[in-house]
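S.K.: Show me the folded form of this:
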Amino acid sequence: VQLQASGGGLVQPGGSLKLSCAASGSIFSINVMGWYRQAPGKQRELVASIFSGGSTNYVDSVKGRFSISRDNAKNTVYLQMSSLKSEDTAVYYCYADITTRSYAASRYWGQGTQVTVSS
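M.R.: Sure thing, here's the model as predicted:
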């Protein structure tokens, strides 16, 4: 199983970016998918998560600005980020709790994607 993240980059304050993360491999089911981020000198924090049924959670600092969604047919999770602030600058990591076709359950991680908010 692999997770491939994409969509990071440089954006000005107030701008928008959309991150994507696609899971592939021997997948039986995916429960929760989501995004963490880690800024320089700070601990990794959970930004947003979405369960297979569609319920979502967000860290308070992004509520109203970020939106997480998923396409179960494509095993893909998205993070639409709007009204970006300099404090959103971080490496963003996607994750997914996956049960494989051999019925082994584990958390998988994508490679980090850099988001830089700067003028």
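
S.K.: Okay, now the unreliable bits of the chain?
M.R.: For the chain, no stretch has pLDDT under 70.

S.K.: which residue is nearest the middle of this protein?
M.R.: Geometric centre of the chain, nearest residue: Trp35, 2.9 Å, by Cα atoms, centre = their mean.

S.K.: That one - nearest residue in space that isn't next to it in sequence?
M.R.: Val47 (4.6 Å; Cβ to Cβ, 6 or more residues apart in numbering). (C-beta placed from N, C-alpha, C; glycine too.)

S.K.: list the helices and strands the helix or strand where that neighbour lies packs on?
M.R.: Per DSSP states H and E: Val47 is located in strand 45-50. Strand 45-50 sits against strand 27-38, strand 56-58, strand 66-71, strand 76-81, with contacts defined as 3 or more Cβ pairs under 8 Å, 6 or more residues apart in numbering; DSSP states H and E.

S.K.: hang on, the earlier thing: verify the stated contact: the residue nearest to the centre of the chain with Tyr93.
M.R.: Yes: between Trp35 and Tyr93 there is a contact under Cβ atoms under 8 Å: 6.8 Å.

S.K.: returning to that earlier point: for the residue nearest to Trp35, list the residues it contacts.
M.R.: The contact partners of Val47, by Cβ atoms under 8 Å, 6 or more residues apart in numbering, come to Gly34, Trp35, Tyr36, Arg37, Tyr58, Val59, Val62, Phe66, Leu79, Tyr92.

S.K.: Could you verify that Glu87 is part of a strand?
M.R.: No: according to DSSP: H, G, I helix; E, B strand; the rest coil, the state of Glu87 is helix, so it is not within a strand.
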